[in-house]
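Novice: predicted model follows, preceded by the sequence.
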Amino acid sequence: MRRPKEIAIPAALLIAGVVLLTVHAVANKDAAGVGMALGTAGVRLVMGVVLGVIACLFTAALLGTSFGSLWGAVLKLAAIAVFPLAGAMLFPYVGWILLLFVDMGLILWLFDLTTLELAVLVVTLWVLQLLALFSAGLVVAGVLGV
């Protein structure tokens, strides 16, 4: 039998994150906000999972860390990408600070990592995110002819 942290908890966090983002947008009576909130969650979800898998593979190769099955890790990364974002949206001024701590806390808890493994994974993920954002900026600048 699988442990709850393998499927049930990440799935619940992912669903709760999507519901909270939608409720937040609807509560602000902003029809465009619902699309924006779900679009933001979708972008963060795709980037979080793709870059997270790359960071996990790098950390596993470097330190011999096990992140479990591929699909279990993908579900956990999806939950980590969306749930903290919902929390950040609910607390506008301190949300982004909370996002950082909730992200790291969920990574540490769901993957049962040591502090060193967490540090390597988070730094790798941060570098990958910066490279992705820089690349996206170059593409947008090229399209706009800047």
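Specialist: Noted; the coordinates are in hand.

Novice: check which helices and strands whichever strand or helix holds Val102 sits against.
Specialist: Assigned by DSSP states H and E, Val102 belongs to helix 95-111. If contacts are counted by 3 or more Cβ pairs under 8 Å, 6 or more residues apart in numbering; DSSP states H and E, helix 95-111 sits against helix 8-27, helix 70-90, helix 115-144. Every residue, glycine included, has its C-beta placed from N, CA and C.

Novice: return the most buried member of those helices.
Specialist: Stretch with highest mean neighbour count among the helices and strands packed on helix 95-111: helix 70-90 (a mean of 21; mean count of other Cβ atoms under 10 Å).

Novice: which regions of the protein lie under the pLDDT threshold?
Specialist: 1-2, 29-33 (pLDDT under 70).

Novice: so the residue nearest in space to the middle of it versus Thr115, what's the distance?
Specialist: In the chain, the C-alpha nearest the mean C-alpha coordinate belongs to Ala81, at 1.8 Å (Cα atoms, centre = their mean). Per Cβ to Cβ, to the nearest Å, Ala81 is found 22 Å from Thr115.
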